[in-house]
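Give me a model of this one.
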Amino acid sequence: MRNLLLPTLLLCCAALSACRPDDGIPCPFGPDDLRASPAAVTFRFENQACTTVCQVFLGSPSCDDWGITLLGEDTLPHGSFIDFQIPPGTYDLLIVECSEETYQMTDLDLSEDGTWTFGLEEAVPGTACPAALTVVNQ
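Have a look, this model is predicted:
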């Protein structure tokens, strides 16, 4: 009996550490982990890309599971933003455009209130997002 107890305890501890890494960020991180508390920081995600974002995921760098999108059923069109209240820490960020193009950032320091802007590196000063124009010659 004693020989079985130690391996079982080690397996339980390993499973628990996979679910809650040493950084204290739940794994996977999801909408239920967003909370306003005295220790929470505001993470503003701003979409300046010329596309609509359908999913935003935050996760612990030591977690392999992205969990559930923080946007729920909502989308984030160009020029809009959303604020999240999150526990301070270091996070990985996964963004999925509605076109299913994905972008990932790792080891973001989100220990203070701040804004992270998606698509800013693509912007050219004085230009706007492309638009479709149909001309009908009568």
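
Count the neighbours of residue 113 for me.
13 (other C-beta atoms under 10 Å). (C-beta placed from N, C-alpha, C; glycine too.)

Apologies, that question was intended for residue 40.
15.

how much space is there between it and residue 111?
From residue 40 across to residue 111, the span is 11 Å (C-beta to C-beta, to the nearest Å).

what sits in contact with each of the two?
Counting by C-beta atoms under 8 Å, 6 or more residues apart in numbering, the residues touching both residue 40 and residue 111 are residue 88.

which stretches of the chain form helices?
2-19 (DSSP state H).

And the closest residue to residue 54 other than its chain neighbours, how close does it get to residue 53?
Of all residues not flanking residue 54 in the chain, residue 98 sits nearest, at 4.2 Å (C-beta to C-beta, 6 or more residues apart in numbering). Residue 98 is 7 Å from residue 53, where distance means C-beta to C-beta.

which residues in the chain form strands?
Under the criterion DSSP state E, the chain contains strands at 41-47, 53-59, 81-86, 89-97, 102-110, 114-118.

Out of those, indicate the one that is most buried.
Mean neighbour counts were taken over the strands of the chain using mean count of other C-beta atoms under 10 Å, and the top value, a mean of 22, falls to strand 53-59.

who does that one touch, helix- and strand-wise?
Using 3 or more C-beta pairs under 8 Å, 6 or more residues apart in numbering; DSSP states H and E as the contact criterion, the neighbours of strand 53-59 among helices and strands are strand 41-47, strand 81-86, strand 89-97.

The longest one pairs with which strands?
Each strand paired with strand 89-97, and its direction, by DSSP bridges: strand 53-59 (antiparallel), strand 102-110 (antiparallel).

for the first one, same thing?
In its sheet, strand 41-47 lies beside strand 81-86 (antiparallel), strand 114-118 (parallel), with partners assigned from DSSP bridges.
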